[in-house]
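Chemist: give me coordinates for this.
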Amino acid sequence: MNGLVSKSTIVPSIPEIQKTLVKIGDKEPKFLNSTDWIGANECAYVLDELLGVECKIDFLPSGDDIKSKGRELVYHFDSIGSPIMIGI
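Modeler: From the prediction side, this is the model:
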């Protein structure tokens with residue numbers, strides 16, 4: 001947790017995540033109780049809104065491009081250590 005959240009932090013349920021995304025205006029109310037996708041962007045929004053954990057989103061055109069981010073990823077884990085989500 002690296003001091004970003006406390007050990008008493010409860011992982012939000014899917015309905016709580018959906019409510020949060022509707023509350024912040026990312027999704028329409030019809031998103032509630034749906035099976036629509038919750039992706040990396042939405043995860044970042046929820047982490048920021050519920051836990052105050054800021055996220056950086058970096059778009060890569062393909063999986064091969066992850067190689068160019070090697071040093072940046074090592075630095076991130078060495079200095080911050082929080083998880084990274086990778087999606088292509």
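Chemist: where exactly do the helices run in the chain?
Modeler: For the chain, the helices defined by DSSP state H occupy 14-23, 40-46, 70-79.
Chemist: tell me the pLDDT at residue 78?
Modeler: Per-residue pLDDT puts residue 78 at 87.
Chemist: that one: neighbour count?
Modeler: 8 (other CB atoms under 10 Å). Any C-beta I mention is one placed from the backbone N, CA and C, and that applies to glycine too.
Chemist: for it, give me its contacts.
Modeler: Residue 78 makes no contacts at all, as judged by CB atoms under 8 Å, 6 or more residues apart in numbering.
Chemist: winner for burial among the helices of the chain?
Modeler: helix 40-46 (a mean of 17; mean count of other CB atoms under 10 Å).
Chemist: which regions of the protein sit below the pLDDT cut-off?
Modeler: The chain contains residues with pLDDT under 70 at 1-7, 87-88.
Chemist: switch the cut-off to 90
Modeler: 1-12, 39-41, 44, 47-48, 50-70, 72-74, 76-88 (pLDDT under 90).
Chemist: circling back: redo the helices of the chain as a markdown table? Include distance to residue 86.
Modeler: Compiled in a markdown table, the helices of the chain are given as follows (distance: least, CB to CB, whole Å):
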| stretch | distance to residue 86 |
| --- | --- |
| helix 14-23 | 20 |
| helix 40-46 | 8 |
| helix 70-79 | 9 |
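Chemist: understood, closing this out.
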